[in-house]
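Enquirer: dropping a prediction and its sequence here:
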Amino acid sequence: EFLHTATLLHDDVVDMSGMRRGRSTANALWGNAPSVLVGDFLYSRSFEMMVELGSMEVMKILSKATRIIAEGEVLQLSKIRDASTTEETYMEVIRGKTAMLFEASTHSAAALCKASEAQTEALRTFGDHLGVAFQLVDDLLDYRGDAETLGKNVGDDLAEGKPTLPLIYTMREGSPEQAALVRQAIQKGGLEDLESIRNAVESAGALDYTAQLARDYAARAIACLDALPPSEYRDALIELSEFAVARTH
């Protein structure tokens, strides 16, 4: 949780976000410097807590995860306003910046309870697939949701010129007019074309495509849990996977 909160504090600074979970972000309230420093504190404190566990395996998993998360964020930054970004690169971004934390969470849990090799791999893969599904829905809701329900501003990705999957799909599969509209919007950023873009990604089938891909990854995540014996904990992970793709916020 500390690592996750640290990444959110830093992410809001990088993205210049003003709202998260229906509330003003820390950087909006107190500025960038305190947000970065508190994020650094939480990051450092999380590693102190890992040391207290006495597990080098958990240290290895989570230190690797923090590196890959940072790499994912840097890759995403390098693709800002880049309308040539492919679906493959997009998937690399979300696997790094989002799915890796899910994967590290389930992987470290397996390490702590000394699960078998097969169960450890199943839980690690479950986390990756769940994280991908979660981020796909997050990017979908940026065009299909509303600010009050989402708890954050709609169109933030478009405003920053982020080529997420709904936009990438529309440029690839939409009409020439839709592709040109999206390409121009990515390159210039801003929200003046938001409604036109929302209409384009909907009519091009981009939102349905993204939603179906999210459901596919959630189904793969649930299938990984066959390696675990029936229990209320496995049921909870199944429910979490179903919620990740059914959510509206």
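Expert: Nice, I can see it.
Enquirer: what strand or helix carries Tyr233?
Expert: helix 232-246 (DSSP states H and E).
Enquirer: which parts of that helix are buried?
Expert: 237, 240-242, 244-245 (16 or more other C-beta atoms under 10 Å). In short, each C-beta sits where N, CA and C put it, glycine included.
Enquirer: what do you get for stretch 53-68?
Expert: 58-59, 61-62, 65-66, 68.
Enquirer: next up, phi/psi of Gly31, please.
Expert: phi 100, psi 170 (degrees, to the nearest 10).
Enquirer: who touches the helix holding Tyr233?
Expert: 126, 130, 133-134, 137, 211, 214-215, 218, 221-222, 225, 228 (C-beta atoms under 8 Å, 6 or more residues apart in numbering).
Enquirer: do that again at 10 Å, thanks
Expert: For helix 232-246, contacts defined as C-beta atoms under 10 Å, 6 or more residues apart in numbering pick out 102, 106, 109, 123, 126-127, 129-138, 140, 211-228, 231.
Enquirer: any idea of the mean pLDDT for that helix?
Expert: The predicted model gives helix 232-246 an average pLDDT of 98.
Enquirer: CA atoms only: put that helix into CSV for me.
Expert: The C-alpha trace of helix 232-246 is given here as CSV (Å, rounded to 0.1, in the frame of the first residue of the first chain):
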residue,chain,number,x,y,z
GLU,A,232,-12.8,-18.2,0.5
TYR,A,233,-9.5,-16.5,-0.4
ARG,A,234,-9.6,-17.9,-3.9
ASP,A,235,-13.2,-16.8,-4.2
ALA,A,236,-12.2,-13.3,-3.1
LEU,A,237,-9.6,-13.1,-5.9
ILE,A,238,-12.2,-14.3,-8.4
GLU,A,239,-14.6,-11.5,-7.2
LEU,A,240,-11.8,-9.0,-7.5
SER,A,241,-11.2,-10.0,-11.1
GLU,A,242,-14.9,-9.7,-11.9
PHE,A,243,-15.1,-6.3,-10.2
ALA,A,244,-12.0,-5.0,-12.1
VAL,A,245,-13.9,-5.2,-15.4
ALA,A,246,-17.4,-4.4,-14.2
